[in-house]
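Undergrad: okay, structure incoming, though there's no sequence with it:
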RNA sequence: GGUCCCGUAGCUCAGCAGGAUAGAGCAGCGGUUUCCUAAACCGAAGGUCACAGGUUCGACUCCUGUCGGGACCGCCA
């Protein structure tokens, strides 16, 4: 039940009526105005800028925006839910709602369950969210974790908003890096067979995590691989190592309650089971359409790479689709560039029915956004849409001091270690308590504090406190029915305190916040909003210290208690709903 | 040299698809409270929204440029 959306529709209909009367132009864009909560509560419960937005269009039929505003206000004032509507400031229409509307909001929050916050008309449109996609060459680090949690929460949010979401992971199992992985694993294999391998040579992965892979290789193949040349053992060892790494990564993800629907192999693009080469096919397709050519690129300005050689190469005309420079598709060794594979990969998404795609990348890949979007445009005939969400770095801290991380010194902190140390809830919440494109400081000590400074605790505690209030009410009124259905019958018109009304208004805002977060692809908004709800709840709870008449449970007034419990229950539902979208648990108690 | 992101209170950050007097939390300042419903509470102060133009009835928000910080910059992933 989205009050704001209801009024948006309501006012749209009024405008359509005015168009029908010939007082507004027929081509009026009805999406331009908004209905929102006014910043200053004294302005009322809802405000709309409709009259100002259509100031120009209102000139002829109304002589100006103010007249349009006052006519709209008169119509609004006659609406069933409206207590008062008046024109204010430069032409806003401020609306004050009848108190029973708020009672209805609370009842809706109690009885509608999930659909309370779900947008009215779910589109069920397919959307593909690709996230994590960490190279299968080692354990995930904290930066991967941010993208993982972000992508997962975004997928939750979109699914909730009615999209048909596919969660996808792109396995980079085709580049030179996985060959290095294979060589590193082969060394560990020899080690497992008793060979003294000494220090790991430069250029190979030194991590201990490859030891089990080496041992497993020894177990599976015995000494048989030792006699083979690298080109002979490479395919076997490589796939074996990749599978091992992916299993490890999936475990790391599982520790964060993250799972994907599709794991898409880069290698499968060129080496499909039927021998197909999708990369070659997409290049051929683009060639026939004349957006591939052979040419030379200007050398990069500034510092020239040492091995720069000016040569002719196969280029994709990405400048035709908004990129700054055309991009090479074939490497000097004849292989496809990563970008070429990525074009085929996104083509595959489109072919699988996803015109809506979201990629979650690390900020260090920011330079690839334009070319990828250009490619999607080219490959989909302009039908596909790709949104790329870049996640900035995570700075790991402990008690305000940066945690020194160095792969070489062995002080590198893996994602798994962080999850094991502070728990899933803390990791997930903190990763989402910042805009994705802002760098994030993650303090390992702070997230375990049980204080108001720790937002994870603060929000979870608000939920637990809400549950606690219900338990305490049962202590005083043992026969009370505190089910949502029963509480929805409470005399909600008894909720008259300003603090209580403010809490209800927050509940009323929740559906709107969810919709906005889903639309903007910004799950952090959910985290901030439930933090705000928690804050308001704690604050009102604290008022009960000085003013016992405000306490939620009132021994002398059973009906009032019921009404307040209904409010508490609607609040805890908002908080737990938000937490579940973020993938954070809502504990019954925090003791 | 280019592209992208960021620049909001001392610090860490929000700011809702342009809206009314720019918000919160910490720190600092001044009080209250060792009470009870579970881990304090209240208040005041703190700002040239980096800067300069532009679009608009209206700009922290959109556009251009400048400055500052970060990331990236044929064929690596």
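TA: That came through fine. Everything quoted here is computed from the prediction, not taken from an experiment. Numbers count the residues shown, from 1 in each chain, chains lettered A, B, ... in the order given.

Undergrad: what's the neighbour count on residue A:320?
TA: Applying other CB atoms under 10 Å, we find 13 residues neighbouring residue A:320. In short, each C-beta sits where N, CA and C put it, glycine included.

Undergrad: what sits against the closest residue in space to it that isn't next to it in sequence?
TA: Among residues not flanking residue A:320 along the chain, residue A:291 sits closest, at 6.1 Å (CB to CB, 6 or more residues apart in numbering). Residues in contact with residue A:291 (CB atoms under 8 Å, 6 or more residues apart in numbering) are A:316-317, A:320, A:378.

Undergrad: ok, which pair from the residues you listed is furthest apart?
TA: A:316 and A:320 (9.2 Å; CB to CB).

Undergrad: from residue A:561, how far out is the residue nearest to residue A:476 when sequence neighbours are not counted?
TA: Closest residue to residue A:476 apart from its sequence neighbours, by CB to CB, 6+ apart: residue A:555 at 5.5 Å. Taking CB to CB, to the nearest Å as the measure, residue A:555 falls 8 Å from residue A:561.

Undergrad: neighbour-wise, which of these two wins?
TA: residue A:561 (22 against 10).

Undergrad: you'd agree the more buried one is up against residue A:473?
TA: Yes: Residue A:561 lies in contact with residue A:473 (CB atoms under 8 Å); the separation is 6.0 Å.

Undergrad: quick check: the residue of chain A nearest RNA strand B.
TA: Ranked by CB to the nearest atom of the strand, the top residue of chain A for proximity to RNA strand B is residue A:544, at 1.6 Å.

Undergrad: which helices and strands sit right next to the helix or strand hosting that residue?
TA: Here residue A:544 sits within helix A:524-546, counting by DSSP states H and E. Helix A:524-546 sits against helix A:424-432, helix A:455-476, helix A:498-520, helix A:558-582, with contacts defined as 3 or more CB pairs under 8 Å, 6 or more residues apart in numbering; DSSP states H and E.

Undergrad: nearest to residue A:357, out of the ones you listed?
TA: For those, the distance to residue A:357 is smallest for helix A:498-520, at 15.7 Å, taking CB to CB.

Undergrad: by contact count, what packs against the closest one?
TA: Partner elements for helix A:498-520 (3+ CB pairs under 8 Å, 6+ apart): helix A:3-20, helix A:99-111, helix A:142-160, helix A:524-546, helix A:558-582.

Undergrad: can you give me the domain assignment for chain A?
TA: A:3-97, A:176-254, A:450-582 (automatic domain parsing).

Undergrad: residue A:109: which of the ones you listed is closest?
TA: domain A:450-582 (3.8 Å).

Undergrad: got the end-to-end distance for that closest one?
TA: 20 Å (CA to CA, to the nearest Å).

Undergrad: residues in contact with residue A:311?
TA: Going by CB under 8 Å, 6+ apart, residue A:311 touches A:296, A:332.

Undergrad: how much space between it and residue A:253?
TA: In terms of CB to CB, residue A:311 sits 42 Å off from residue A:253.

Undergrad: that older thread, deepest-packed of the helices and strands packed on helix A:498-520, please.
TA: Neighbour counts (mean count of other CB atoms under 10 Å) averaged over each of the helices and strands packed on helix A:498-520 peak at helix A:142-160, with a mean of 25.

Undergrad: make TSV out of the domains of chain A and add mean pLDDT.
TA: Below are the domains of chain A laid out as TSV (pLDDT from 0 to 100):
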stretch	mean pLDDT
domain A:3-97	91
domain A:176-254	94
domain A:450-582	91
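
Undergrad: tell me the most buried of the ones you listed?
TA: Stretch with highest mean neighbour count among the domains of chain A: domain A:450-582 (a mean of 19; mean count of other CB under 10 Å).

Undergrad: return the residues of the stretch 101-250 of chain A in contact with RNA strand B.
TA: When proximity is defined as CB under 7 Å from any atom of the strand, the stretch 101-250 of chain A approaches RNA strand B at A:135, A:172, A:174-177.

Undergrad: er, the stretch 251-400 of chain A actually
TA: A:266, A:296-297, A:299-302, A:305, A:307-311, A:313, A:324, A:327-328, A:331-333, A:335, A:337-339, A:363-370, A:390, A:392-393.

Undergrad: of those, keep whichever come out buried.
TA: A:266, A:313, A:327-328, A:337, A:339, A:368-370, A:390, A:392 (16 or more other CB atoms under 10 Å).

Undergrad: may I ask which two of those residues are separated the most?
TA: The farthest-apart pair in these, when distances are taken by CB to CB, is A:313 and A:392, at 32.7 Å.

Undergrad: can you pull out the strands in the stretch 301-450 of chain A?
TA: A:313-316, A:327-328, A:356-362, A:385-391, A:394-398, A:401-402, A:440-443 (DSSP state E, counting those that start in this stretch).

Undergrad: any idea how far residue A:206 is from residue A:108?
TA: For residue A:206, the distance to residue A:108 equals 58 Å [CB to CB].

Undergrad: same question for residue A:273.
TA: In terms of CB to CB, residue A:273 sits 51 Å off from residue A:108.

Undergrad: residue A:269 too?
TA: As judged by CB to CB, residue A:269 and residue A:108 stand 48 Å apart.

Undergrad: do the same with residue A:248
TA: 45 Å.

Undergrad: list the residues that contact both of residue A:316 and residue A:320?
TA: Overlap of the contact sets of residue A:316 and residue A:320 (by CB under 8 Å, 6+ apart) consists of A:291, A:378.

Undergrad: let's verify residue A:214: helix, strand, or coil?
TA: helix (DSSP: H, G, I helix; E, B strand; the rest coil).

Undergrad: who touches it in this structure?
TA: A:185-192.

Undergrad: show me the contacts for the residue nearest the centre of chain A.
TA: With distances taken as CA atoms, centre = their mean, the residue of chain A nearest its centroid is residue A:154 (2.5 Å). Each residue near residue A:154 by CB under 8 Å, 6+ apart is listed here: A:129, A:131, A:358, A:360, A:389, A:521, A:523.
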